[in-house]
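A.B. asks: Pasted the sequence and its predicted model underneath.
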Protein chains: 6
Amino acid sequence: MLSVIVRSALTKYRGSWLPIQAAVRAMSSSGGPTPPYTTLAISHPTESVTHVELHRPEKRNAMNKAFWREMVECFNEIAEDPDCRVVVVSGAGKTFTAGIDLMDMASDVLQPQGDDVARISWNIRKTIARYQETFSVIEKCPKPVVVAVHGACVGGGVDLITACDIRLCTQDAWFQVKEVDIGLAADVGTLQRLPKVIGSRSLVNELALTARKLYADEAKSSGLVSRVFADKEALMAGALEMAGEIAGRSPVAVQGTKINLIYSRDHSVAEGLDYMATWNMSMLQTQDVMKSAQASMEKQSPKTIAFSKL
Amino acid sequence: MLSVIVRSALTKYRGSWLPIQAAVRAMSSSGGPTPPYTTLAISHPTESVTHVELHRPEKRNAMNKAFWREMVECFNEIAEDPDCRVVVVSGAGKTFTAGIDLMDMASDVLQPQGDDVARISWNIRKTIARYQETFSVIEKCPKPVVVAVHGACVGGGVDLITACDIRLCTQDAWFQVKEVDIGLAADVGTLQRLPKVIGSRSLVNELALTARKLYADEAKSSGLVSRVFADKEALMAGALEMAGEIAGRSPVAVQGTKINLIYSRDHSVAEGLDYMATWNMSMLQTQDVMKSAQASMEKQSPKTIAFSKL
Amino acid sequence: MLSVIVRSALTKYRGSWLPIQAAVRAMSSSGGPTPPYTTLAISHPTESVTHVELHRPEKRNAMNKAFWREMVECFNEIAEDPDCRVVVVSGAGKTFTAGIDLMDMASDVLQPQGDDVARISWNIRKTIARYQETFSVIEKCPKPVVVAVHGACVGGGVDLITACDIRLCTQDAWFQVKEVDIGLAADVGTLQRLPKVIGSRSLVNELALTARKLYADEAKSSGLVSRVFADKEALMAGALEMAGEIAGRSPVAVQGTKINLIYSRDHSVAEGLDYMATWNMSMLQTQDVMKSAQASMEKQSPKTIAFSKL
Amino acid sequence: MLSVIVRSALTKYRGSWLPIQAAVRAMSSSGGPTPPYTTLAISHPTESVTHVELHRPEKRNAMNKAFWREMVECFNEIAEDPDCRVVVVSGAGKTFTAGIDLMDMASDVLQPQGDDVARISWNIRKTIARYQETFSVIEKCPKPVVVAVHGACVGGGVDLITACDIRLCTQDAWFQVKEVDIGLAADVGTLQRLPKVIGSRSLVNELALTARKLYADEAKSSGLVSRVFADKEALMAGALEMAGEIAGRSPVAVQGTKINLIYSRDHSVAEGLDYMATWNMSMLQTQDVMKSAQASMEKQSPKTIAFSKL
Amino acid sequence: MLSVIVRSALTKYRGSWLPIQAAVRAMSSSGGPTPPYTTLAISHPTESVTHVELHRPEKRNAMNKAFWREMVECFNEIAEDPDCRVVVVSGAGKTFTAGIDLMDMASDVLQPQGDDVARISWNIRKTIARYQETFSVIEKCPKPVVVAVHGACVGGGVDLITACDIRLCTQDAWFQVKEVDIGLAADVGTLQRLPKVIGSRSLVNELALTARKLYADEAKSSGLVSRVFADKEALMAGALEMAGEIAGRSPVAVQGTKINLIYSRDHSVAEGLDYMATWNMSMLQTQDVMKSAQASMEKQSPKTIAFSKL
Amino acid sequence: MLSVIVRSALTKYRGSWLPIQAAVRAMSSSGGPTPPYTTLAISHPTESVTHVELHRPEKRNAMNKAFWREMVECFNEIAEDPDCRVVVVSGAGKTFTAGIDLMDMASDVLQPQGDDVARISWNIRKTIARYQETFSVIEKCPKPVVVAVHGACVGGGVDLITACDIRLCTQDAWFQVKEVDIGLAADVGTLQRLPKVIGSRSLVNELALTARKLYADEAKSSGLVSRVFADKEALMAGALEMAGEIAGRSPVAVQGTKINLIYSRDHSVAEGLDYMATWNMSMLQTQDVMKSAQASMEKQSPKTIAFSKL
C-alpha cells in the first residue's frame, strides 16, 4: 500500500512520468541487446535510472567473452553519465545468469598462451585481473547499483551481485558459488566480497567449499539479499521503486555515501572518519544541503527537489 | 522471571542495594539535566553503573550545539571515574532522539566561516572532526556502554548508538539513517560503524541510501540490537540488569575485553592476537584472576567478589 | 572404497542412511586417545577425511597442558598429510568441551615464572603466544575444518571453534565466552575471531562482557553455526556428509579457496583480488580444471573424479 | 652571502620588518618563560612565525612534569592561532635539552600507583599515552615546525625532534637515544619515528641499542638533520630564514603539504594519492592558487603576496 | 644485432665507447614527436630498450594537456609490448622539464566546471585522479624505467621521476618541488613517493615546504639519484648501458623483481614475503632459471642467453 | 669475568686492545662446525654474547640444504637461551658467503616435485616459505644480531644480512643481489627488507635489477652498513665491542627495543605508539629501571650493573 503511494509519488515527482507498471514495461527488452553491446540491453525506465539487463536469454545469460568486456565499457560510461543517478541490474528471460559460458571462454581459461609455465602464468594473471575489473567497475561507479535476481544466480553471477550495493530477489531465486565444482578457487570477487556482504562466516565457507545452493529464504535470513519478492514482476517493480527512492535524493549525498561506505569497508574506523571529514569539507558546501534542509523543515520529500546534475 | 531473580541477586550482592525497580526509578531524571550539563542527566542507579540520559525531552532530545560538547566532557570524565564500571545511555521523554537540532546547528553546518572555498573547507573539516569526537569518546572510554533505545532514533542517533557496545530497544523503536534526506553523506560515524555492527551489507546500503525506517523486529533479526523489550520500563530494567552483570565482573577483565574487541575490529587476526598477548602479559598478573578462579571453583558468582577499583 | 559409499549415501541421503551410519560408527573412539596423543583420538572414517576427537570424556574434554601441545602437533601433521582433504573435529562423551582445565593449567596461568614484573610478563607473553598457536594451526592448515559441537562449548572451546571453517551443532548445544568470569580478557582467539565470524557486534559484546550462554537457536540465527541437528548422531552424520562433499572436490580448488578466504578476511578487497590473481596464475594450470570442466559438461558430479593428491 | 640577501628580502617583504639580526635578538628570551608557561618562552620574531623556546637553562632544559603538559597546551594553541604559519623550536642556554628530568619525574615513572600489577600497568599505560601526546601534538599541528638544535639533544630530546618537520643543528650538536641506559625501551616516539626519519636502519638500531652519541657530521650524512651551522647564532638566523621562506607561501599550500606528507608516511602510495585528491578537490579552489600563479607568471616571489589567514 | 653491440660495449665499457655512442645517437629525436604523439618521441636504440623522450624542447618540455594523456597511452602500450624489456625516459633539448604548462592547463586547473562548490570539487577530484594516473602508469608498467635528468626538473617533473625505478642525472641537473610556490600542495605523486625514495625526511620536508632547488651533488648524497654524469652525452650513454644490463637478463626475473619491490614498499615485511612466495611458486618454473643457472655455472654472462619474450 | 675484561677494554678502547683481541681469538673456529650443526660454528667469546659463524670455508660458506635448516634450529635455541643477550654473525675463511649452494640445492630449486603445474607450485611455495623462515628467525629472535661481513656477500647473503639488526663490514667487502642473474626474483627477503634498510630507492632498484656489486664505501654512504673496518681482525673486534655495549645494558630494555623497532617498521606511527605503551606498561615495572636510574645518577655505566636474566 505504502509502496503504491510511493510509486505514484515517483511517477509524478518531476512531471511527466508514466505509472510504475508502464515504467517496468519500458524495462522489458524485447528488442534484444542495445548496440554496440551484444550481451546487454540498456534502457532508462525513469528519469535518472539506468537499467542494465544481462541479455542472452537463450543462453541463460551465460557470461561469454563479449560480456566481460561490455560490462566494463557499460559501467565506465554510466559512471560518466550525468543523467544517471542509479542503476538497476537484472537478467532477461527465465533466469538471472548461469554464470561463465565455459564453451565460449574455454580458450582463455583452459588454453592460456605461453611457451613456459612462467609465461603462461603471466598471461593467466593478466586475464584474471581483466575479468576482476568486470565487476570492480560496478564498485568504482559512484552511482548505487541495485541488483534484482530471479531464478538461478550461479558462479560468476555471485561475483557480480556481491559487487553491487543492494541485492533483491524473487522467492524462486537461488545462488550457487559454483567454482569449486570446476576445479578452481573463485577468482573474480566472490571470495573477497561475499564474507564482507553477509554476517555468517560458517555459511560463507559452506557455500564456497561445497557449492551447495542457497535459496531465497536463507539468502534473506543471512543478509545476502535485503528483500524477497513473490515473482519477477514484483521484483522489478520493487527494484525500480527503490531506485526511484535513491534517484530522488541529492546525488552529492547519494554518491558520497556510496564512496565512503566502500572506503570504510577496507579501512579502520579511524581512517574512515578522517577520509569522511576530508570528503565532506567540500561536499557540505553544496546547495543541495540548503535545498534539502528547507524541504525537510517544510515537511516535504527530498524527491520534490530539483538537484543539479553531478 | 529469571531476570527478576537476577535482579534481586543484583540488589543484594554488596549489601545495601535497593530493588531494581527502585534503581530504575532512581534513573528517572525528573529534576532535569545535571549541572553543569544542559542536555544530559547523570545518575548512579546502582554502585558502579553510571546512567547518561539525553535530556531535552521537549525537543525530542535533538542534538544541539551544547550536546556535542557535553558528551565529550561527560565521557572523558566517566573514563577517569574509578567508581564507574559500566554506562547506560538512554533518552528522556517519549523518544530516544530526533537527531541533529538543525535549527540550533544551522550556523555551524550551513554557514561555515571563511573568505574562500579552501578556508571554508578547512573550517568545516575541523567542525566535522570535532563532532566525530562526540561519539568516538564512547569508544575510547574503556567502560562498556549499553544503549537503550525507545521510540525514534534518527540521524545523529544512529551515529551515537553504533559507537556503543551493546544495543537494546523497545518494540516500538525505529531507526533511520536520515542524512541523505538533508543532502549529505552521514559524516560522524554511521557510514564507518554501521557496516561493522550488522551483518547484511545490502541492508546497510539500503538504509543509508534511501533513509527508510528500520523497525525493532528487523533491527533484531539483522543484529543491530541484541534484545527487544516490550516497553520502556522493561527496557530500562533490562539495560540495568545487563549493566549489573557487567559491573559485577572484574574491571580488569571487562575493560581489557572492550579495548581488545575494538582493536580487533580494525586489525587483522594476527595483529589482534599479538596485541592481546602483549596486553595480557601484565593484566594476567592481577589478583582478580586468583579471586575469580577461586570463586569459580567454589561455584560462586563473580559478582560476589570485591574487586579493587581500576 | 568408503568414499564411494559416502558418495552414494550422499546422492540418496534423504532416503537410506545406512552406509553413512557405518562411517559414523567408525568414528567412535571406544579405544581412547590415539598414541602418542593423550587427549585426541584420530580416525579416518572415510577416504580423505580425518576425524579429530577431543578425548578426555571423563573430564568433559577439558583442555589440559597436553592438549595445547598435541593440537599443534596433530594439525601440523594433518597439514602435511596428502591423504587428508578435510578434517572433522568433535568431542567425545557427553559434551564438546568444558574449556580450559584450570587445575592442570594453574601453574602456567596462575604462577608464571620470573623474579621481576617485567620478567614474569615476558614469560606470560610467550605462554599466551604458544597457546594462541594451538588454534591458529587450524587456520594455517589448508584443509577445511568442520567442527561439530554438542552439549557445552565453554571458554577455550569458543576460541577453538571460531578458528574452524564450518560450525555445526546439536539442538542441545550451548556456547559461553567464559573468560570474563575468571577475571581475564579472552586471549587465545575469541575476541579476535568471534566478531569476524558472526554479524551482530552487539551480540558479540554481550557474550564477551557478560559470559551469558548462547543456545543453539540463537547460534543459528546469529550465524555462529550454519546448521543445527537434532542430536549427536545426526550431527556426526551431517558433519561427515559435509566433509564428504568437500573431500570429493578438487583439493587444488578447495585448499586454494580456504587460503584465499582467510587472506581476504584480513585485507581490503583490492588486496584480496590481487593476491587471488597471483595465486591462481599457477593453480588454474592444474589438470583438475580440465577434469572438472569435462565432468561438468557431462553432467557428472565432481565427486566421481579421481584427483591427484596435493 | 646568499642567505644575507634572502634575509634582507625577508625583512622587507611585507614592509616594516626589522633586519634578521634584530629578529634573532627578538627571539632571545632574557625575560624567562612566558606565563602561564614555566618551561617555555614564546615569542613572535617575525610576522607569522612563532618561536617556542625550551626554557629551563639552569637545568639544561631538562623535561620536568610541567614541560610535558605545557607543550600540549602550547601546540594546541598554536594549531588554532591564525596568525601563526610556522613554528621554530630551540633551547635556551648552553644546550638544547638534557632529556627527561629524572628527579622531577621519578614519582610518575618510578612509583606508579595501584595495588596490583594490572592496576599499576593500567596507570603506567595512561601515563605513557599522555607523554606520547606531548610530541604527537607537534605532528598534529598543521603548521610546519623547524627545530634548531645546539649542544646536547638527549633522550626525550630525540623523541621531540623526530616529531618536528625540519631538523637543523650546530656543528657542536650531538644526539643520544639514551633510554636503554636507564633500563627501558624508548616509549614516547623515538622508536616509531627515528626509522622513518633517517635512511639507515643499521644506524638507527646502533643508536637505540647502544646509546652512543651521534655528532653533527653523521647527523647530516645520515639525513637526521638537513643543515649544519657553525654556531648557535648562525643556526638561529638559518632557522628563522627557513621559517620565513615557509611563512611567505600560501598557508593553504603549506599546511596541506604537511598534512599530506604525514598521511603518506603511514599509508601506501595508492592510499596517499586517493587522500590527496580528496583533499585538493576543495583546496585547489582557493584564491591563493590564482594569486600565486599570477605572481609566478610575473616572475615575482610568492612572498610578495598577501594571503588570507587560515 | 644491436644488442650484440651493446653487450660488447658493456664488456669493454671502460675502454672503447664507440658502439654505445652510435646507439645514443640513435636515440636523438631530430625528427620530432612520434605520431600519434605530439609531446613524446619514441625510439628503440637497442633491442629490448624503448626510449621515451619528452619532446617539446621549445617549451622546455612543459607538460601540456596532450602530455598527460599521451603518457598514459604510451606506457600502457609499452606494458603490453613483448619486445620491450626496459624503458629509458629523458628530455629533449636543453632541460628535462619545466613542469606543468600553466598556460595550456589553466582551464583545467584554474577554471574547473560546475555550478556549485560540491560539483566543482567533484570534477576537480576526477581531474586530479586522471593526472595522477599519468605517473602511476610508470609504476604499473612491469618493465623497469630508468630516468635520465639533465638541467631543470621542476614541479610535475619531480612527480614523474619519483614514479620511475632508477634515477640518473647530469652534474648540472637540479630538482624543485615547485607546487607550494603556486599555492597548492603537490597532488600528483611527489608527496606520496618522494619520502619513500630518499632517506632524509628533514630534506623532503624542506624541499616540499620551501620549494628550494636541490642540485646534483645533494641529489646524489641524499639518494634521490644513484649516479651523476658529467654531461648529457655521458648521461645518455650511462642510461643506455644500465638499460642494457637490465634488458640482458631474464624478463621473468626482472619484471617479477619490479612488481615485488613495489608491493613490498606498501606492505609489511611479512605480507611482502607471503606475496613473494605466492608469486614465485609459478615463476620459478620458468626455463629461464635453468638457462641462467647453466650460464652461471659456465661463468657466462646472463646477457649471452636468449630468453623468450614475456 | 670475560665481560669485565671487555668492559675495561671498552672504556679504554682507543688505547690498549689486548683483552678484546683475546676474546676475538676465542671466536676463531679452528675446530670446525659445532655439532650437531654441520655448517655453523657456535661460540661464546664473552659472557652474554653468542657468536654464530657460517662455517663451510672450503665452499666460501655457500648455503647448502643443511644450512637452511640449521639456522632455524640455531636461532630458535638462541631465542630461548637466557645466557645470550646479543648475537654476532660472521663467516669463516676468506669471505662471508658466496650465497646459495646451487649444486646442493638444485633438487629443491630446479626439480620440484609434483605431477601437475598446480601441485609443483604448491610444493615450491612451501619450500620458499621454509627458506624465508631461515632468515625471519633472526628477526623473531628478540636478541639483537650484529652481522660482520668481510669479502663477498652474495645472493642469499644479502637476504641474511638485511634480516640482522646492525651491519658492519671490512673495507674489502662487497655485496651483490645476485638472483636476477640466475633468472629469478629474489624470494627470501632481499626485496622486502633491503628497501627498508637503506634510504635510496634508486640504488635498491639498481642493485636488484642489474646485480651489480656494491662496495664498502657505497655500502657505508648508502647506510647499508653503519661502520667499515680496515680488515677482518678489526671488524671482529669492532663487532665484539659493539656486542659488548649492548650486552652490558638491561636485557628488558634491549630486547623490548628490538621488538618495538621491528613492529614500528611494519605499522603506522600511531599504531607503533599504541603498541609501545601497551608493551611498556609492564616492562617499566622492572627493577632494571631502578638499578639503571641509580647508576645513571651516580654517573656509572650501565655495564657495571648485574641484571637478572630474561
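C.D. replies: Ah, there it is.

A.B. asks: Which of the three states applies to A:Thr134?
C.D. replies: Secondary structure, DSSP: H, G, I helix; E, B strand; the rest coil: A:Thr134 is helix.

A.B. asks: give the contact list for it.
C.D. replies: Contacts were defined as C-beta atoms under 8 Å, 6 or more residues apart in numbering or on different chains; by that measure A:Thr134 touches A:67-69, A:71-72, A:188. No exception for glycine: its C-beta is placed from N, CA and C like everyone else's.

A.B. asks: Among those, which one has the most neighbours?
C.D. replies: Ranked by neighbour count (other C-beta atoms under 10 Å in any protein chain shown), the contacts of A:Thr134 have A:Val188 at the top, with 30 neighbours.

A.B. asks: got the phi/psi numbers for A:Thr170?
C.D. replies: Phi and psi for A:Thr170, reported as degrees, to the nearest 10, are phi -90, psi 170.

A.B. asks: I'd say it and A:Ala237 touch.
C.D. replies: No - look at A:Thr170 against A:Ala237 with C-beta atoms under 8 Å: they stay out of range, at 11.7 Å.

A.B. asks: quick one: low-confidence parts of the stretch 151-300 of chain A?
C.D. replies: Residues of the stretch 151-300 of chain A meeting the criterion pLDDT under 70: none.

A.B. asks: and A:Asp115, how many neighbours?
C.D. replies: As a burial measure, A:Asp115 scores 10 neighbours (other C-beta under 10 Å).

A.B. asks: out of A:Thr170 and A:Ala237, which sits in the busier spot?
C.D. replies: A:Thr170 (23 against 20).

A.B. asks: How many residues are close by A:Ile262?
C.D. replies: Residues near A:Ile262, counting by other C-beta under 10 Å, number 19.

A.B. asks: same thing with A:Asp172?
C.D. replies: Residues lying near A:Asp172 (other C-beta under 10 Å) number 15.

A.B. asks: That one and A:Ala148: what is the separation?
C.D. replies: 13 Å (C-beta to C-beta, to the nearest Å).

A.B. asks: export the contacts of A:Thr134 to TSV and tack on distance to A:Tyr275 and secondary structure?
C.D. replies: Shown next, in TSV, are those (distance: C-beta to C-beta, whole Å; DSSP: H, G, I helix; E, B strand; the rest coil):
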residue	distance to A:Tyr275	secondary structure
A:Phe67	34	helix
A:Trp68	31	helix
A:Arg69	32	helix
A:Met71	28	helix
A:Val72	26	helix
A:Val188	27	coil
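
A.B. asks: so which of these would you say is closest to chain B?
C.D. replies: A:Val188 (18.2 Å; C-beta to the nearest C-beta).

A.B. asks: closest point of chain A to chain B, which residue?
C.D. replies: Closest to chain B within chain A is A:Gly199: 1.8 Å, counting by C-beta to the nearest C-beta.

A.B. asks: Just give me the neighbour total for that residue.
C.D. replies: Residues within reach of A:Gly199, counting by other C-beta under 10 Å, total 26.

A.B. asks: Please apply the same query to A:Gln171.
C.D. replies: Using other C-beta under 10 Å: A:Gln171 sits among 15 other residues.

A.B. asks: Relative to B:Ile198, how far out is the residue nearest to it when sequence neighbours are not counted?
C.D. replies: In this structure, A:Gln171 finds its nearest non-sequential neighbour in A:Ala216, 5.2 Å apart by C-beta to C-beta, 6 or more residues apart in numbering or on different chains. With distances taken as C-beta to C-beta, A:Ala216 is found 20 Å from B:Ile198.

A.B. asks: Also A:Ala208?
C.D. replies: According to C-beta to C-beta, A:Ala208 and B:Ile198 sit 22 Å apart.

A.B. asks: Tally up the residues packed near the closest residue to A:Ala79 other than its chain neighbours, please.
C.D. replies: Nearest-residue entry for A:Ala79: A:Cys141, 4.3 Å, with adjacent residues in sequence omitted and distances by C-beta to C-beta, 6+ apart. A:Cys141 has 23 neighbours, counted by other C-beta under 10 Å.

A.B. asks: my guess is A:Cys141 meets A:Ile78, correct?
C.D. replies: Yes - shown here, A:Cys141 and A:Ile78 form a contact pair, counting by C-beta under 8 Å, at 5.8 Å.

A.B. asks: Can you show me the helices along chain A?
C.D. replies: A:2-12, A:20-27, A:65-80, A:102-110, A:117-140, A:156-162, A:190-197, A:201-210, A:216-221, A:232-247, A:251-265, A:269-283, A:287-297 (DSSP state H).

A.B. asks: Sort out which residues of stretch A:223-242 are buried, please.
C.D. replies: Buried residues in stretch A:223-242, counting neighbours by 16 or more other C-beta atoms under 10 Å in any protein chain shown, are found at A:223-229, A:232, A:234-242.

A.B. asks: Now do it: distance to the chain's middle.
C.D. replies: How far stretch A:223-242 lies from its chain's middle: 13 Å, per C-alpha atoms, centre = their mean, to the nearest Å.

A.B. asks: now stretch A:22-36
C.D. replies: The answer for stretch A:22-36 is 18 Å, by C-alpha atoms, centre = their mean.

A.B. asks: confidence score at A:Pro112?
C.D. replies: In the predicted model, A:Pro112 carries a pLDDT score of 76.

A.B. asks: Contacts only, for it.
C.D. replies: Residues near A:Pro112 by C-beta under 8 Å, 6+ apart: A:120, A:123-124, A:127, C:284-285.

A.B. asks: Tell me how many other residues surround the residue in chain A that chain D sits nearest to.
C.D. replies: Proximity of chain A to chain D (C-beta to the nearest C-beta) peaks at A:Ser282, 3.4 Å away. The tally of other residues near A:Ser282 (other C-beta under 10 Å) stands at 32.

A.B. asks: next one: A:Asn76
C.D. replies: If you count neighbours by other C-beta under 10 Å, A:Asn76 ends up with 14.

A.B. asks: pretty sure it is in contact with A:Val137, am I right?
C.D. replies: Yes - using C-beta under 8 Å, A:Asn76 is in contact with A:Val137, at 6.3 Å.

A.B. asks: what sits in contact with each of those two?
C.D. replies: Listed as contacting both A:Asn76 and A:Val137 by C-beta under 8 Å, 6+ apart is no residue at all.

A.B. asks: residues contacting the closest residue to A:Lys196 other than its chain neighbours?
C.D. replies: Nearest non-adjacent residue to A:Lys196, counting by C-beta to C-beta, 6+ apart: A:Arg265, 5.8 Å away. Taking C-beta under 8 Å, 6+ apart, we find A:Arg265 in contact with A:196, B:195, B:201, C:268-269.

A.B. asks: Now, of these, which are buried?
C.D. replies: Using 16+ other C-beta under 10 Å, the buried ones in the contacts of A:Arg265 are A:196, B:195, B:201, C:268-269.

A.B. asks: Could you show which parts of the stretch 1-150 of chain A are in contact with chain E?
C.D. replies: Neighbours of chain E within the stretch 1-150 of chain A, by C-beta under 8 Å from any C-beta of the partner chain: A:115-119, A:121-122.

A.B. asks: quick check, nearest of those residues to A:Ser48?
C.D. replies: The nearest member of the residues of the stretch 1-150 of chain A next to chain E to A:Ser48, counting by C-beta to C-beta, is A:Trp122 at 43.1 Å.

A.B. asks: residues near the closest one, how many?
C.D. replies: For A:Trp122, the neighbour count with other C-beta under 10 Å is 24.
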